[in-house]
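Enquirer: I need the structure of the sequence given here:
(chains A and B)
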Number of protein chains: 2
Amino acid sequence: MAKLFECIPNFSEGRDSDKIEKIVEPFHKDGEVKLLDYSADKDHNRLVVTLLGGYDGLKYSVIEAMDIAIELIDMNKHKGEHPRMGAVDVVPFTPVKNVEMKDAVKLANEVAEKAAAKFNLPIYLYEEAAKTVKRKNLADIRRGEYEGFKDKIKKEKWKPDYGPTKLHKTAGATVIGARMPLVAFNINLATSDIQTANKIAKKIRNSNGGLRYVKAIGVSLKEKDIVQVSINMTDYTQTSLYQSFEMVKFEAKRYGVNISGSEIIGLLPAKALFDSAEYYLRLKDFKEEQVMENRLLEDL
Amino acid sequence: MAKLFECIPNFSEGRDSDKIEKIVEPFHKDGEVKLLDYSADKDHNRLVVTLLGGYDGLKYSVIEAMDIAIELIDMNKHKGEHPRMGAVDVVPFTPVKNVEMKDAVKLANEVAEKAAAKFNLPIYLYEEAAKTVKRKNLADIRRGEYEGFKDKIKKEKWKPDYGPTKLHKTAGATVIGARMPLVAFNINLATSDIQTANKIAKKIRNSNGGLRYVKAIGVSLKEKDIVQVSINMTDYTQTSLYQSFEMVKFEAKRYGVNISGSEIIGLLPAKALFDSAEYYLRLKDFKEEQVMENRLLEDL
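Expert: Reported below is the predicted structural model:
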């Protein structure tokens, strides 16, 4: 059975296309990983790479790309709108297929340990890989950014999880972790009343008593003259897409509003859709091996 | 984009495991095709192989396996309960991913042409690859079987599509063709009344005015004390699973009967399930490339 992770490393270089191409070079190698996407933003001065691969393929190619990025990027000269604390700013691993969160946590730890030793780089673990609750949230770790970290790193409570208690002199520090893949699922309402979307978003999201793995806000789509409940499914294996959909439907009913459609933004694992097909078709004992394409992924 | 076909060659050897292993040998080669399954039935004296692969991988490995089967099987000594007319009895190709029926027809023709020349073997084309309506149905072509074909092949209307107008002296003749993959979809009813299942099956199937690509019968599940509408979806790209499901639901309503569940038997393409998820979640502009796993299949 193919064991697959997604990895979305973020590098602090979004302007120099020569450097960008050099950083992604290790991800072009056949058989190691699949480079799904990479996009550089000049204002953010940041490169975001999306990879899919197995345990070893990701481990080796990510460390190789880190090596190149650390060589090429000098954080003392880096300016950009996006918060950052290192040349390799953040590296999340997410379980996609036939692997569990604990495997992603193990992978994050292995990469962090090797990279810290190889590059003499301070590394923090976040989200599911965090060793303490206070380090779960990336924003908390990164607060102060590269410039502020020269002092922050000396504080006992901000001692890195791996590597020296001292910023790398050009590459700063890196945050590595494990989290579930996000599924961006937006549901359109046949109304232009933003209050309705806001009220529904509030009822379905975890923070206000709704579904455990749902974040949601109301959004106006001016061009279409409708509103949308914009949802981030933070763990589609626990809270299903159909649960969000049915919940929006029954909340909308109380305002006499219909759902006019929905959309998935970006990527999602096949299982997130199979799960909803199974629910609505009332499938029993369905196994993912019954899907032809899954059989082809077995050997990867 | 990966172009994928399924191929289910049937060979007239179901008893001698040495011979069976030799016939499937070409399907074990890395990178050519993926051998999903093979099963031999002693009573039928028949080997059924399920393969997934690209155009060239299937073409070469199927011809290689035909070569071995023709070498090993003598139809003059073959006895079995299943109708058959050749050592390589029937070879259907079905489009699975990023290919159309016309590609499967082309593949069937290319294999038929090459195999006819290489083995001096008479070959008939059936289903979507058939050159005339009278050769669409496999049962019509195969009627008379190996023994009867010695005369049948001499008739003008049964002249082979490729190869000599004379049976191969040990391998008989072969039928090659193209068809859609079947999806076996059974819907259970919360009743033990077989009449209800039969009446619903009749309303939903093509032959009695129902859905174009649906074959259906009522079946009693004695052990569970319920009945089932047993459905063959003959083209899931045209008639969707959710259409069958919703139609059974509204027909069942008139008898006051509920659906208690459903099941998929065997394999199905991912698209058959995505399609139903899209319908029920009201997804707009969904693209298969948004499914992570599909990106991995691109290079195959």
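
Enquirer: Please tell me how far the residue nearest in space to the middle of chain A sits from chain B.
Expert: Computing the C-alpha centroid of chain A and ranking residues by C-alpha atoms, centre = their mean puts A:Pro181 first, at 5.6 Å. Note on A:Pro181: its distance to chain B, by C-beta to the nearest C-beta, to the nearest Å, is 8 Å. Using the backbone N, CA and C atoms, a C-beta is placed for each residue, glycine as well.

Enquirer: Name all residues that make contact with that residue.
Expert: In this structure, A:Pro181 makes contact with A:Glu6, A:Thr94, A:Pro95, A:Val96, A:Tyr236, A:Leu267, A:Leu268, A:Pro269, B:Met292, judged by C-beta atoms under 8 Å, 6 or more residues apart in numbering or on different chains.

Enquirer: With A:Tyr236 instead?
Expert: Taking C-beta under 8 Å, 6+ apart as the definition of contact, the neighbours of A:Tyr236 are A:Met180, A:Pro181, A:Val183, A:Tyr213, A:Leu268, A:Pro269, A:Lys271, A:Ala272, A:Asp275.

Enquirer: Contact residues of the stretch 101-250 of chain A facing chain B?
Expert: Proximity of the stretch 101-250 of chain A to chain B is assessed by C-beta under 8 Å from any C-beta of the partner chain, with A:Pro181, A:Leu241, A:Tyr242, A:Phe245 identified as the residues in range.

Enquirer: switch to 6 Å and redo it
Expert: Counting by C-beta under 6 Å from any C-beta of the partner chain, the positions of the stretch 101-250 of chain A adjacent to chain B are A:Phe245.

Enquirer: ranges for the strands of the stretch 101-250 of chain A?
Expert: Taking DSSP state E, counting those that start in this stretch as the criterion, the stretch 101-250 of chain A contains strands spanning A:123-127, A:174-178, A:183-189, A:214-221, A:226-233.

Enquirer: Got the phi and psi for A:Phe5?
Expert: Backbone geometry at A:Phe5, expressed as degrees, to the nearest 10, gives phi -120, psi 150.

Enquirer: tell me the domain boundaries of chain A?
Expert: Following automatic domain parsing, one gets these domains for chain A: A:4-178, A:183-284.

Enquirer: I'd like those domains laid out as a markdown table, including distance to B:Lys29 and mean pLDDT.
Expert: A markdown table is the format used below for those (distance: least, C-beta to C-beta, whole Å; pLDDT from 0 to 100):
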| stretch | distance to B:Lys29 | mean pLDDT |
| --- | --- | --- |
| domain A:4-178 | 18 | 95 |
| domain A:183-284 | 27 | 95 |
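
Enquirer: To what extent is A:Cys7 buried, counted in neighbours?
Expert: Burial measure for A:Cys7: 28 neighbouring residues, criterion other C-beta atoms under 10 Å in any protein chain shown.

Enquirer: which residues does it contact?
Expert: Under the criterion of C-beta atoms under 6 Å, 6 or more residues apart in numbering or on different chains, the neighbours of A:Cys7 are A:Leu51, A:Leu58, A:Phe93.

Enquirer: quick check, the second one in a strand?
Expert: No - the assignment for A:Leu58 by DSSP: H, G, I helix; E, B strand; the rest coil gives helix, which leaves it out of any strand.

Enquirer: Chain B versus that one, what's the distance?
Expert: Distance check for A:Leu58 against chain B: by C-beta to the nearest C-beta, it reads 13 Å.

Enquirer: Take the contacts of A:Tyr236 and keep only those in helices.
Expert: The helices in this structure, assigned by DSSP state H, contain A:Lys271, A:Ala272, A:Asp275 from the contacts of A:Tyr236.

Enquirer: Just say which of the strands of the stretch 101-250 of chain A is most tucked in.
Expert: Of all those, strand A:174-178 has the most neighbours on average by mean count of other C-beta atoms under 10 Å in any protein chain shown, namely a mean of 28.

Enquirer: Tell me which other helices or strands that strand touches.
Expert: strand A:88-97, helix A:101-119, strand A:123-127 (3 or more C-beta pairs under 6 Å, 6 or more residues apart in numbering or on different chains; DSSP states H and E).

Enquirer: Tell me which of these sits most buried.
Expert: Sort these by mean neighbour count, taking mean count of other C-beta under 10 Å, and strand A:88-97 sits at the top with a mean of 26.

Enquirer: can I get the CA coordinates of stretch A:235-252 in PDB?
Expert: Presented in PDB, the C-alpha positions along stretch A:235-252 are these (Å, rounded to 0.1, in the frame of the first residue of the first chain):
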ATOM      1  CA  ASP A 235      -9.700  17.300   9.600                       C
ATOM      2  CA  TYR A 236     -11.900  15.700   6.900                       C
ATOM      3  CA  THR A 237     -11.300  12.300   8.400                       C
ATOM      4  CA  GLN A 238     -13.100  13.300  11.600                       C
ATOM      5  CA  THR A 239     -15.600  15.800  10.300                       C
ATOM      6  CA  SER A 240     -17.000  14.900   6.900                       C
ATOM      7  CA  LEU A 241     -17.800  17.300   4.000                       C
ATOM      8  CA  TYR A 242     -21.400  16.100   4.000                       C
ATOM      9  CA  GLN A 243     -21.700  17.000   7.700                       C
ATOM     10  CA  SER A 244     -20.800  20.600   6.900                       C
ATOM     11  CA  PHE A 245     -23.100  20.600   3.900                       C
ATOM     12  CA  GLU A 246     -26.100  19.200   5.600                       C
ATOM     13  CA  MET A 247     -25.600  21.500   8.600                       C
ATOM     14  CA  VAL A 248     -25.400  24.600   6.400                       C
ATOM     15  CA  LYS A 249     -28.600  23.300   4.700                       C
ATOM     16  CA  PHE A 250     -30.600  22.900   7.800                       C
ATOM     17  CA  GLU A 251     -29.400  26.200   9.300                       C
ATOM     18  CA  ALA A 252     -30.200  28.000   6.000                       C
END
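
Enquirer: Identify each buried residue in it, please.
Expert: Counting neighbours by 16 or more other C-beta atoms under 10 Å in any protein chain shown, one finds that the buried residues in stretch A:235-252 are A:236-237, A:239-248, A:251-252.

Enquirer: Adding distance to B:Glu223, write the residues you listed out as CSV.
Expert: Putting those into CSV (distance: C-beta to C-beta, whole Å) gives the following:
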residue, distance to B:Glu223
A:Tyr236, 35
A:Thr237, 33
A:Thr239, 35
A:Ser240, 31
A:Leu241, 34
A:Tyr242, 30
A:Gln243, 33
A:Ser244, 37
A:Phe245, 35
A:Glu246, 33
A:Met247, 37
A:Val248, 40
A:Glu251, 42
A:Ala252, 43
